[in-house]
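# Build the 3D model from these lines:
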Amino acid sequence: MFARLAIPLLLYFVPRFLPRIIRFVRLVWRLSFDKRVSIVLRMLLPLAIIYVISPIDLLKDTIPIVGRFDDLIVLS
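Take a look at the predicted model:
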């Protein structure tokens, strides 16, 4: 049942949002190397990616809601 719904949704949403996502990624990439942007802001993206990939959690997953969504909070 899910596959019957997921495929049309993907065919609908991917062409609409993929160009926006690509432009956003290119913008973030360029800003991370721009000297006019402060070093603190340039380091936030790599630090967030390292935090999500690393096995060490600041908030354990045993905390009911916040522990599960801390990686999403950091990435957003």
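# which intervals of this structure have sub-threshold pLDDT?
Residue ranges of the chain with pLDDT under 70: 1-3, 55, 57-63, 66-68, 71, 74-76.
# Now do the helices in it.
Along the chain, counting by DSSP state H, helices occupy 2-32, 39-53, 66-75.
# Tabulate those in CSV, adding columns for mean neighbour count.
(Glycine included, C-beta is placed from N, CA and C.) Listed next are the helices of the chain as CSV, based on neighbours: other CB atoms under 10 Å:
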stretch, mean neighbour count
helix 2-32, 10
helix 39-53, 11
helix 66-75, 13
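# got the contact list for the residue nearest to residue 37 when sequence neighbours are not counted?
In this structure, residue 37 finds its nearest non-sequential neighbour in residue 31, 5.4 Å apart by CB to CB, 6 or more residues apart in numbering. Contacts of residue 31 were listed using CB atoms under 8 Å, 6 or more residues apart in numbering, and they are 37, 41, 42.
# Can you tell me how far the last one is from residue 64?
According to CB to CB, to the nearest Å, residue 42 and residue 64 sit 35 Å apart.
# repeat for the first one
In this structure, residue 37 lies at 37 Å from residue 64, with CB to CB as the measure.
# And those two? Which one has more around it.
residue 37 (12 against 7; other CB atoms under 10 Å).
# What separation do you get for the more buried one and residue 5?
Applying CB to CB to residue 37 and residue 5 gives a distance of 41 Å.
# got it, and residue 35?
Residue 35 is 47 Å from residue 5, by CB to CB.
# ditto for residue 51
33 Å.
# Residue 53 now?
31 Å.
# What of residue 23?
For residue 23, the distance to residue 5 - CB to CB - is 28 Å.
# for residue 49, same thing?
Residue 49 is 31 Å from residue 5, by CB to CB.
# swap in residue 73?
Counting by CB to CB, the gap from residue 73 to residue 5 is 28 Å.
# Now residue 42. Nearest residue, chain neighbours left out?
Using CB to CB, 6+ apart, the nearest residue to residue 42 is residue 32, at 5.2 Å.
# contacting residues around the one you found?
42, 45, 46.
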